[in-house]
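# Sequence and predicted model, in that order:
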Amino acid sequence: MDINDGIGRDASRCNTMRHFAQRLLWLVPQGLRWAAFGVLALLRPILIPVLTWVAVGGVLLWAIFVLIAGDPDFPALRVLGISAGCALGAVVYYAALEWLMPGYLGRGR
């Protein structure tokens with residue numbers, strides 16, 4: 001029996017553990033990304049119509065009350081701000097959905 005046999009096994013075990021840790025460090029973020037994508041994908045049929053209708057409805061309310069009726073007490077900036085926020089929220093939602101899509105990272109887009 002050679003004294004180097006134990007060292008070789010320890011080095012092999014160290015390489016195996018290092019490989020395991022690297023794979024684990026890769027799998028954990030992937031699992032979190034897939035879970036977040038799943039939640040966003042399930043919310044899409046509810047969230048996108050709500051954001052769209054609030055954005056369009058706010059602009060229509062602004063047009064009716066400010067342009068047509070000429071109401072000076074109508075909170076025009078607040079309504080337009082909420083509409084713009086909902087439109088921006090839909091854009092950010094789709095960007096997050098695209099970024100979290102399984103297989104997206106590493107693709108040359």
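That came through fine.
# I'd like to check which residues are in contact with the most centrally placed residue in the chain.
Central residue of the chain (Cα atoms, centre = their mean): A96, 3.0 Å from the mean position. When contacts are counted by Cβ atoms under 8 Å, 6 or more residues apart in numbering, A96 touches L40. All C-beta spots, glycine's among them, are computed from the backbone N, C-alpha and C.
# Helices along this structure, start to end?
Secondary structure of the chain (DSSP state H): helices located at 4-62, 76-100.
# Go through those and find the least confident stretch.
Mean pLDDT is lowest for helix 4-62 out of the helices of the chain, coming in at a mean of 85.
# Give me the angle between that one and helix 76-100.
Helix 4-62 runs at 150 degrees relative to helix 76-100, counting by axes from the mean of the first three to the mean of the last three Cα atoms, to 10 degrees.
# Arrange the helices of the chain in a markdown table, one row each, with distance to G70 as further columns.
Converted to a markdown table, the helices of the chain look like this (distance: least, Cβ to Cβ, whole Å):
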| stretch | distance to G70 |
| --- | --- |
| helix 4-62 | 12 |
| helix 76-100 | 11 |
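# among the ones you listed, which is the most enclosed?
Across these, the average number of neighbours (mean count of other Cβ atoms under 10 Å) peaks for helix 76-100, which reaches a mean of 14.
# roughly how far out does that helix sit from the chain middle?
Its chain's C-alpha centre and that of helix 76-100 lie 13 Å apart, by Cα atoms, centre = their mean, to the nearest Å.
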